[in-house]
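>>> I would like to see how this sequence folds:
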Amino acid sequence: MRNYSIITDTCCDIPLELAQELKIIACPMNLAVGDKQYKDWLDKRELSNEEYFRQLRSGIVGTTSAVSIGDIQDAMIQELEKGNDVLYLSFSSGMSTSYQSATIAMNEIAEDYPNNKIVVVDTLCGCVGEAVAVYHACKQRDQGKSLEEVVDYINELKMNIQHVFMLGDLKHIQKTGRISKLTSIVAGILNIRPIMNIDKNGEVMSAGKIRGRKAAIQHLADRAINECTNSDVFFIANVDCSKDAETLKNLVQAKFPNAHIVVGYTGVVMSNNTGPDALAIGFVGQPR
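You can find the predicted model right below:
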């Protein structure tokens, strides 16, 4: 069996140390703030989460874009030159053009490497859900499964990867044009916390509203506890609300003491779209 490398993008929001442990390569998503352009590397070499969180709280809203075809090709070629095959796990096509970019990148270089396999998989996941998909793919690889076996495994698993997340201050969402100013004001007065899911098409959908942040955190925990079908691993990501993330972790850990619960920050690209105080949990559960 040939060796193969697993490449993804930084919308997986896997903490750097774990990414290094899993031996994954993550191509950067892109963020523009005013006239400044940033690549959202996992090691945050161009813009740290903390710095951008401060900007978000000051009212700044940037614009985001998918991984560039060139960055994907660079990552693929580096591994192909080592003699490895490549499995690319992309951010959901329902939320980004990253899958299309990866497919174009693959097709443009495939003829130059006729003896290597390059496979691109649309995970239909993002953030914590994409992290779940990448994590399980790496574990399958480390168990000796072939590239083809891992592709089949992820294509079957991805419809069972659940994302549950809450939004924080809706003033940010209002600035992006996704909701009206009146809706934002009313939600603030009533202390409403929108709950969101990712549907079977890999698109964001509303999953209800909870009044009060504490109740919303409990709701996320209850969803994970009651709906998971595999309690081995959970991923939690937050936008500048690490104490709430730890609270969520403790609630889930109390039910599943042996679970591996990974807590990290949401990268600057996803943070730009959700705004401060967003909190998410990803796990394997019932079909979407």
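
>>> distance between the ends of stretch 206-215?
Taking Cα to Cα, to the nearest Å, the span from the opening residue of stretch 206-215 to its closing residue is 17 Å.

>>> so which strand or helix has residue 155?
With the criterion set as DSSP states H and E, the secondary-structure element containing residue 155 is helix 147-157.

>>> what lines up beside the helix or strand just after that helix in the sheet?
Reading on from helix 147-157 to the C-terminus, the next helix or strand found by DSSP H and E is strand 161-166. Each strand that strand 161-166 pairs with, and the sense of that pairing, follows from DSSP bridges: strand 192-198 (antiparallel), strand 279-285 (antiparallel).

>>> I would like the residues contacting the first one, please.
Okay, so that is strand 192-198. For strand 192-198, the surrounding residues in contact (Cβ atoms under 8 Å, 6 or more residues apart in numbering) are 92, 94, 124-126, 129, 162-168, 170, 186-187, 204-213, 215-216, 219-220, 288. Glycine gets a C-beta too; all of them are placed from N, C-alpha and C.

>>> tell me the gap between that strand and the middle of its chain.
Taking the mean of its C-alpha atoms, strand 192-198 sits 16 Å from the chain's own mean (Cα atoms, centre = their mean, to the nearest Å).

>>> what about the helices in the stretch 1-150 of the chain?
With DSSP state H, counting those that start in this stretch as the criterion, the stretch 1-150 of the chain has helices at 16-22, 49-57, 69-80, 98-109, 128-142, 147-157.

>>> which SS class is residue 201?
Secondary structure for residue 201, judged by DSSP: H, G, I helix; E, B strand; the rest coil, is coil.

>>> now it. Nearest residue, chain neighbours left out?
In this structure, residue 201 finds its nearest non-sequential neighbour in residue 94, 4.8 Å apart by Cβ to Cβ, 6 or more residues apart in numbering.

>>> who's in contact with residue 11?
29, 91, 96, 98, 126-127, 130, 267, 269-270.

>>> repeat that for residue 234.
So residue 234 contacts 224, 228, 252, 256, 259-262, 281-283 (Cβ under 8 Å, 6+ apart).

>>> again with residue 135
The contact partners of residue 135, taken as Cβ under 8 Å, 6+ apart, are 14, 22, 233, 235, 262.

>>> now the two most distant members of the residues you listed.
With Cβ to Cβ as the measure, no two of the contacts of residue 135 lie farther apart than 22 and 235, at 12.3 Å.

>>> find residues that contact each of these two.
Contact criterion Cβ under 8 Å, 6+ apart; residues shared by residue 22 and residue 235: 14, 135.

>>> re earlier: which among the contacts of residue 135 end up buried?
Buried residues within these, counting neighbours by 16 or more other Cβ atoms under 10 Å: 14, 22, 233, 235, 262.

>>> I'd like those as JSON lines, with distance to residue 143 and pLDDT appended.
Supplementary listing: the buried ones among the contacts of residue 135 in JSON lines, determined by distance: Cβ to Cβ, whole Å; pLDDT from 0 to 100:
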{"residue": "14", "distance to residue 143": "19", "pLDDT": "97"}
{"residue": "22", "distance to residue 143": "13", "pLDDT": "97"}
{"residue": "233", "distance to residue 143": "15", "pLDDT": "98"}
{"residue": "235", "distance to residue 143": "20", "pLDDT": "98"}
{"residue": "262", "distance to residue 143": "19", "pLDDT": "98"}
